[in-house]
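J.: dropping the sequence and predicted coords here.
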Amino acid sequence: MADKTLTDYERRRIDNIRRNGEMMASLMLHQKASSLLYSRRSPSPKPQSKKPKLSSSPVAIRRSLRTQGLPPSSSTPPSDDSPSSPSSSDQPPSTPPWKQGPLRISDALVGDSPLSDRDLMDVIKSGSVASEVDDLGFDPMVEMCLKPENVARVLPERILSVRFLPFGDQVVVTVGDKAGNVGFWDVGKGRDGVYVYKPHASPVSGISVHPFAATKIFTSSYDGFIRLMDVEEETFNMIYASDFEIFSISQVPNDHNSLYCGEGTGILKAWDERAGKVSGSWELHEDRINTIDFNPQNTNSIATSSTDRTACIWDVRSINKDSPESLKKVQHLRAVHSAFFSPSGSCLATTSIDDKVIILSGSDFDDLSMILHNNQTGRWLSSFRAIWGWDDSFLFIGNMRRAVDVISTSNKTTISLESEHMTSIPCRFSAHPCLKGTMACATAGGKVNIWTKISR
DNA sequence: CGCATCCTTAGGCGG
DNA sequence: CCGCCTCCAGGATGCG
């Protein structure tokens, strides 16, 4: 009633200020326990005003919480958050999980998940980490289908990130949504296999699973934090805090201790987890970095895509700090939402809302080919990103007609996979790292569809 | 040029 | 079942 007298902007601004205040207060509480030094930008005078440029913002001193070696038992949350209280009123509950630094997995579990997530923990701990996929040819058009039991609403909000755990023997997918929720779906258990946690306050921009240890799952968020969900330690700890939104995350293949993220207006940061500090920082783009991808064949080579309309390939060993120069630059006409290396590492596929998918191939990525594709997702859908299948021959990308488009890289044709069970537009995709033919696509309504290989 | 403002869009949910 | 709400993406336009 009363807020009818306020404009949307005013309402949102008041809300932002209140949230920021609560955030500050709760972090101060934890400071004494964790010695986290933390400086957040003050609320902007106008909520719509752009995020501060690097130069105008105070530098925050950051400290890894995980390196403090906090035992799970010593990081007990405030005692007043008895799980029995339904807290159905709109009174703010005391210190919600996503405001806490160190955090136990069980404390981040969201109400409508199963009573215990013990089953999920056991599944993740017992899953056997993958072997390589075979190199036999595969035709998604004739070998993939969507079964009705492989569709579920996993999260309440728009999904931004989706990733399979790298198990060869069971299918578990993890997704992150706009509200900061991280969901797991143990697909074989049907809808009973859905678990939801809320470790973040803002959209979950990326999920990265350790390639040889599926019990370590990193999540990045617009809230400026990277968290590590460690199933062995049963913690969901904050390992990196930025003053800026984190838009992308990627782990260095074969390196347990190195993590890259894209934050703020075009900054690429390298995080050394063992040392608990930033080991590199480069201003690579003029706008947000939407994806970071390592070349599987040469892990010194990374590709970034940016809203500044370019995608670039860099050699991480030799980026000039003052004037970074890319090895390769793809110029689009609009924001670029992804740039991914093919499984062999010899091609790069970029996707832009200029309605083009560009493929670089050949020695030194000198050959460029282009496929026209409708990427006008608008405001309510996550932007489309063409991902590679299990070899260099095709790409998956969403289609606004509620279909999965399969782009053949050899003849540049597009064919649509459709299913009566896919009732909304698939936006974000993940190809299973070791099960050929198993592919997840996630939607703006929080649904996940798992396409699988037709069994014969 | 830097800004403010407006427009587009799909899907869940409530009445 | 229709109409309302979402609301920080990103571009276009138009202003000073």
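T.: Sure, I can see it.

J.: so which strand or helix has residue A:359?
T.: Element membership for residue A:359 (DSSP states H and E) is strand A:356-361.

J.: that strand close to DNA strand C?
T.: No: against DNA strand C, strand A:356-361 shows no contacts by CB under 7 Å from any atom of the strand, the least distance being 12.5 Å. Any C-beta I mention is one placed from the backbone N, CA and C, and that applies to glycine too.

J.: give me the neighbour count for residue A:143.
T.: By other CB atoms under 10 Å, 15 other residues sit near residue A:143.

J.: ok so, going back, distance between the strand holding residue A:359 and the chain's centre?
T.: 23 Å (CA atoms, centre = their mean, to the nearest Å).

J.: now find how far off-centre the next helix or strand after it is within its chain.
T.: Following strand A:356-361 in sequence order, the next helix or strand is strand A:367-372 (DSSP H and E). Between the centre of strand A:367-372 and the centre of its chain there are 27 Å (CA atoms, centre = their mean).

J.: strand A:367-372 pairs with which strands, parallel or anti?
T.: Strand pairing for strand A:367-372, using DSSP bridges, gives strand A:356-361 (antiparallel).

J.: in the strand it pairs with, what counts as buried?
T.: Buried residues in strand A:356-361, defined by neighbour count with 16 or more other CB atoms under 10 Å: A:356, A:357, A:358, A:359, A:360, A:361.

J.: any idea which of those is closest to DNA strand B?
T.: residue A:356 (18.4 Å; CB to the nearest atom of the strand).

J.: contacting residues around that closest one?
T.: A:332, A:333, A:370, A:371, A:372, A:373, A:375 (CB atoms under 8 Å, 6 or more residues apart in numbering).

J.: which among the residues you listed gets closest to DNA strand B?
T.: Looking across these and measuring by CB to the nearest atom of the strand, the closest to DNA strand B is residue A:375, at 11.6 Å.

J.: what's around the closest one, how many residues?
T.: So residue A:375, with other CB under 10 Å, has 23 neighbours.

J.: next: residue A:124.
T.: 23.

J.: now do the residue nearest to it when sequence neighbours are not counted against residue A:116, distance only.
T.: Take residue A:124 and drop its neighbours on the chain: the residue closest to it by CB to CB, 6 or more residues apart in numbering is residue A:231, 4.8 Å away. Remark: distance between residue A:231 and residue A:116 (CB to CB, to the nearest Å) = 14 Å.

J.: quick one: which of these two has more around it?
T.: Remark: of residue A:231 and residue A:116, residue A:231 carries more neighbours, 19 against 11, as counted by other CB under 10 Å.

J.: wait, that one touches residue A:123, no?
T.: No: here residue A:231 lies out of contact with residue A:123, judged by CB atoms under 8 Å, at a distance of 9.6 Å.

J.: in chain A, where is pLDDT below threshold?
T.: For chain A, the stretches with pLDDT under 70 are A:1-94, A:130-131, A:456.

J.: how about the residues of it near DNA strand B?
T.: Residues of chain A lying near DNA strand B (CB under 7 Å from any atom of the strand): A:46, A:48-50, A:153, A:156, A:376-381, A:400, A:402, A:423-425, A:443-447.

J.: could you check how far the residue of the stretch 51-200 of chain A found nearest DNA strand C is from DNA strand B?
T.: Nearest residue of the stretch 51-200 of chain A to DNA strand C (CB to the nearest atom of the strand) works out as residue A:178 at 6.1 Å. Applying CB to the nearest atom of the strand, to the nearest Å, the value for residue A:178 to DNA strand B is 12 Å.

J.: give me the neighbour count for that residue.
T.: 18.

J.: what's around residue A:349, how many residues?
T.: Around residue A:349 there are 28 residues (other CB under 10 Å).

J.: just to revisit the earlier point, now the buried members of the residues of chain A next to DNA strand B.
T.: Neighbour counting over those (16+ other CB under 10 Å) leaves A:377, A:381, A:400, A:402, A:424, A:425, A:443, A:444, A:445, A:446, A:447 as the buried ones.

J.: which one of those residues is nearest to residue A:207?
T.: Using CB to CB, residue A:446 comes nearest to residue A:207 of those, at 15.0 Å.

J.: what sits closest to that closest one if chain neighbours are left out?
T.: residue A:155 (3.9 Å).

J.: how close does the one you found get to residue A:382?
T.: Taking CB to CB, one finds residue A:155 at 12 Å from residue A:382.

J.: those two - which one has more neighbours?
T.: residue A:155 (27 against 23).

J.: any idea how far residue A:416 is from that one?
T.: Distance from residue A:155 to residue A:416, by CB to CB: 25 Å.

J.: and residue A:388, by the same measure?
T.: 18 Å.

J.: more neighbours: which of these two?
T.: More neighbours surround residue A:388 than the other of residue A:388 and residue A:416, with 21 against 12 (other CB under 10 Å).
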